[in-house]
Each structure stands twice: as structure tokens, then as C-alpha cells.
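Student: Sequence unavailable; structure follows:
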């Protein structure tokens, strides 16, 4: 996005298509105050000062449009780092649009999505990771998610990445010294030490990459599938976790023939709960199709809660598709002793016992990727960049172990440093910013 420094931009900072008590318009750029002064008639003759509210009428040649409040933020002490104003008017879209049209007719330009934040980034008011965290904060589905994103806005990820960059620079310094002065004149790292440092970085970045799974789940909702044989208690548990009667519960096997999904918040995590057809051998075509779909879901969901009772002690599944860390084995009908042994826990959905423990287990399994991590990835761009850095380091390791020269290793490390710089925003390219800010709302 090519932004001329002389442009003054305007956009609504509140929802566009809804009526509300108030609406807010943002104006940013060198002509922000001059444009507003053409239409704003203050109700008081007192001098107008930055960072203070001023009340008055917004007028154009047709007359008074609205009674407004104006706040002026003088550069560089503003959100965008430029001269910036916020206009609070009544929340009728007709009034807001009229004010915006006045400013555009006077020379302002309609802001592109995310342009205020992009200007803040380019003017050094925030870093790339902070800008991305801000976007995700606005889109957060739960308070827990908002708290985690706010922690990431403090840039623990940037600190982690700087540690890797520092380690890479250390290796490169020894390589350059050995090339320039010879191994007999300087304290150089031996090949084993270099290989160990590369392996450690690959391992640490791989752990970091896995944290993106948690962030993706927080955005779309973690998919948790209830599986088991017919009449094992899936629909009863589904309703209990939702705290309402959503699925039909019956003693007749095969009542649920397709899967049902509902969103629920479990201890701050957004969860898409899936009730499924009971898994068994059947001659019924429709029920069989439902069971086929359930098995297909095993490889797509984040977690499977496998329900077992005395009559149904197991369900076959491909452990290569669904590893043990993605399965919670739950003994159902705890109120009807004896329960199945060897399960992770026991519940009675009818009596309500064991549900809190099950919810705790679900949260622990879903958040395992970020357990003990202060820094984690929050979007696909970050995940892809880290994946490229890992691939670059792995290629460096392979060539290094094959006996290729240190000059080639240093070239790989230069590319890795560039990728890590893109991750934090220390080295950025214009099209990266264009893609990122295109997902922002207009007034941000």
C-alpha cells in the first residue's frame, strides 16, 4: 500500500451499518484539523487545546448537521503518529455519512482497511507483532482469548526471536573469523558445536510453530467430537455440556444419524462441540453413511472424547490418524456402577457428576501446545514464516553435515535471519503489509 505523506484520511471507527447512541469518525493526516475547522463551530470561544474535548455544531452550506464532540491529538502523540481528530456525533448513519462526505469533498480521502494502524506502524508507534495482536484482540471470541492476545501485544515473541537472531549472528561471526584469519588465530566453534546449535534452534522453533495450532483453534473454535457406540451417552453428554436440550436422546440405537455441531465456551476456550452417530456395524444405508462421516472427522477435529460403557468397551480407529494425545477416554453412566476401567475419567451426564473434570481435561488437552510458553504464534502468516525458517535451518544442517563449506552455511543463516526479521517486522516488504492490513476494519 503506497501512502502519500500528504494524504489526510477519514473513516468511521464504529460499526458502519448499525444505529447507535454515538458514532465516531477518525481523521488523520497533515490537514486533519484544517479540514475539520471548515465545518466545526465551537459552542465556546475558549481556545481549543490538543487532547481535550470540544463541543459544537457541525455545519455545512445546508445548515447544522449535528451536535458533535471533537478531540484533537497532535503529532506525534496520537494513535497514528500524525495530527489526528476524532469526531463523536449521534449514531444515525445518515448524520455520520454526511459529516464524512463533507470531509471528503473538502479534500480528505476515505481510509483503506487498517490504514490508521498501518500509519501507526510506519511512524514507529507500534511494531508489526503488536499490530497483529491488536487485530486479533478486536476479533477475540472470549475474555480468555483477549487476555492471551493482550499478553502477546507486549512482544514476548519478539524477545524470543531476538535470542535466535543473536545465536545466528554468533555462529556467523565465528565463521567469518575463521575465513578471514584462519582457525589457528581465533577461537572458532568446531563443527560439532555448530551442528548442536543448529539442532537446538530447529527444535525450539518447531515447538514455537506448534503454538499456532492453539491460536487457530481460538479463532475458529476448537472442534471437539463426541464418539462412541450407539446408546453410550453421547447425546446426553452433548446436551449436558451445552446446558440445554439440543440433541434428541433416545434408548433406540441409531437415533443420531448425522453429526450435530454447536458452539460453547469451556473455561474461556471457544469450542465447536460435535455430537455424532454411534459407531457400529449396520446394514442401514443412512446410518452407515453417518458413521462413515464420523470416521472421516477423526482426522479433522482437534480432540475426540471417546465414550465407553460396560456394553461398549471400545471403538476402533486409526491411531496414526488420531494419536493418543488427541483422545480422552471417558467412562459414562457413572451412576450405574460398575463403570469401565482404564479410562481417563468417569462421568454421569444425567446426574451431572464428572462434568467439571471432563471440561478441565478438554482445556488441558487443547492448550497443551502453549503450556509453559510465554510466547506463541497468533496467525497463519507467523506460522508460515517460522516454517520457512525451520526449513532453511534444516537445509543448512543437511548441507553442513554433508561436509559443505562454512560459506554455504552462512548464506543459509543470512536467509534465516531475514525470515525471522519478517516475523517481527524488523524487515518487511510492502506486499506483506498490504495483505495484513487488508483484514482490518476501516477505522482501525
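Tutor: Perfect, I can see it now. Since this is a predicted model, take the numbers as computed values, not measurements. Numbers count the residues shown, from 1 in each chain.
Student: Might you list the low-confidence residue ranges for the stretch 1-150 of the chain?
Tutor: Counting by pLDDT under 70, the stretch 1-150 of the chain has low-confidence residues at 1-5.
Student: buried residues in the strand or helix carrying residue 409?
Tutor: Per DSSP states H and E: residue 409 is located in helix 406-424. Along helix 406-424, these residues count as buried under the neighbour rule (16 or more other Cβ atoms under 10 Å): 406, 409, 410, 412, 413, 416, 417, 419, 420, 422, 423, 424. Using the backbone N, CA and C atoms, a C-beta is placed for each residue, glycine as well.
Student: got a list of what the nearest residue to the first one once chain neighbours are set aside touches?
Tutor: Okay, so that is residue 406. Excluding its sequence neighbours, the residue lying closest to residue 406 (Cβ to Cβ, 6 or more residues apart in numbering) is residue 175, at 4.4 Å. By Cβ atoms under 8 Å, 6 or more residues apart in numbering, residue 175 lies in contact with 406, 407, 409, 410.
Student: pLDDT averaged over stretch 324-335 - what is it?
Tutor: The average of the pLDDT scores along stretch 324-335 is 84.
Student: And for the longest strand anywhere in the chain, what's in contact with it?
Tutor: Longest strand in the chain, counting residues (DSSP state E): strand 63-73. For strand 63-73, the surrounding residues in contact (Cβ under 8 Å, 6+ apart) are 32-33, 36, 40, 48, 50-59, 79, 83-90, 95, 98-99, 102.
Student: Partner strands of that strand, with direction?
Tutor: According to DSSP bridges, strand 63-73 has the following sheet partners: strand 53-60 (antiparallel), strand 84-91 (antiparallel).
Student: so of those, which one's packed in deepest?
Tutor: Neighbour counts (mean count of other Cβ atoms under 10 Å) averaged over each of those peak at strand 84-91, with a mean of 21.
Student: what does that one contact?
Tutor: So strand 84-91 is contacted by 13-14, 18-28, 32-33, 36, 58, 65-73, 75, 78, 95-96, 99 (Cβ under 8 Å, 6+ apart).
Student: ok, now stretch 346-365?
Tutor: Contacts of stretch 346-365 (Cβ under 8 Å, 6+ apart): 224, 233, 236-237, 239-241, 266-269, 271, 303, 305, 325-326, 328, 330-336, 339-340, 344-345, 371.
Student: try 6 Å this time
Tutor: 233, 236-237, 240, 266-267, 269, 303, 328, 330-331, 334-335, 339, 345 (Cβ atoms under 6 Å, 6 or more residues apart in numbering).
Student: hang on, residue 306 in a helix?
Tutor: No: using DSSP: H, G, I helix; E, B strand; the rest coil, the secondary structure at residue 306 is strand, not a helix.
Student: Touching, it and residue 225? I think so.
Tutor: No: contact status for residue 306 versus residue 225: not in contact, 9.1 Å apart, counting by Cβ atoms under 6 Å.
Student: Tell me which of the two has more neighbours.
Tutor: residue 225 (25 against 20; other Cβ atoms under 10 Å).
Student: Got phi/psi on that one?
Tutor: Note on residue 225: backbone dihedrals following degrees, to the nearest 10 are phi -100, psi 130.
Student: How about residue 28?
Tutor: phi -140, psi 140.
Student: for the most centrally placed residue in the chain, what are its contacts?
Tutor: Centroid-nearest residue in the chain, with Cα atoms, centre = their mean: residue 378, separated by 3.9 Å. Residues in contact with residue 378 (Cβ under 6 Å, 6+ apart) are 136, 152, 215.
Student: mind running it again at 7 Å?
Tutor: With contacts defined as Cβ atoms under 7 Å, 6 or more residues apart in numbering, residue 378 is in contact with 132, 133, 136, 149, 152, 215.
Student: Same question for it, what's its three-state structure.
Tutor: At residue 378 the chain is in coil, as set by three-state DSSP.
Student: swap in the one 3 residues further on?
Tutor: Look at residue 381: counting by three-state DSSP, its state is helix.
Student: All the strands of this protein, residue numbers only.
Tutor: 9-12, 20-28, 40-42, 53-60, 63-73, 84-91, 109-110, 222-228, 260-266, 269-275, 303-308, 327-331, 345-346.
Student: Adding distance to residue 367, write these out as a markdown table.
Tutor: Putting the strands of the chain into a markdown table (distance: least, Cβ to Cβ, whole Å) gives the following:
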| stretch | distance to residue 367 |
| --- | --- |
| strand 9-12 | 36 |
| strand 20-28 | 36 |
| strand 40-42 | 50 |
| strand 53-60 | 43 |
| strand 63-73 | 39 |
| strand 84-91 | 38 |
| strand 109-110 | 41 |
| strand 222-228 | 9 |
| strand 260-266 | 11 |
| strand 269-275 | 7 |
| strand 303-308 | 11 |
| strand 327-331 | 14 |
| strand 345-346 | 17 |
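Student: So for residue 159, which of those strands sits nearest?
Tutor: For residue 159, the closest of those is strand 269-275, at 26.0 Å, according to Cβ to Cβ.
Student: Within its sheet, name the partner strands of the closest one and how each one runs.
Tutor: strand 222-228 (parallel), strand 260-266 (antiparallel).
Student: what's next to it, contact-wise?
Tutor: With Cβ under 7 Å, 6+ apart, strand 269-275 has contacts from 141-142, 144, 218, 221-226, 234-235, 238, 241-242, 247, 256, 259-265, 297, 301, 363, 366.
Student: rewinding a little: include distance to residue 108 when you put the strands paired with strand 63-73 into TSV, please.
Tutor: Shown next, in TSV, are these (distance: least, Cβ to Cβ, whole Å):
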stretch	distance to residue 108
strand 53-60	14
strand 84-91	11
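Student: Residue ranges in the stretch 201-350 of the chain under the pLDDT threshold?
Tutor: 245-258, 277-296, 311-322, 337.
Student: hmm, try it at 50
Tutor: 248-250, 252-256 (pLDDT under 50).
Student: Which residue comes closest to residue 408 once chain neighbours are left out?
Tutor: residue 399 (5.5 Å).
Student: Quick check: which of the strands paired with strand 269-275 is buried the most?
Tutor: strand 222-228 comes out most buried of the strands paired with strand 269-275 by mean count of other Cβ under 10 Å, with a mean of 24.
Student: So what touches that strand?
Tutor: 234, 237-238, 269-276, 278-279, 294, 297, 300-308, 312, 315, 362, 366.
Student: Filter these down to just the buried residues.
Tutor: 234, 237-238, 269-276, 278-279, 294, 297, 301-308, 312, 315, 362, 366.
Student: picking up where we left off before, separation between the residue nearest to residue 408 and residue 195?
Tutor: 11 Å (Cβ to Cβ, to the nearest Å).
Student: do residue 387 as well
Tutor: 21 Å.
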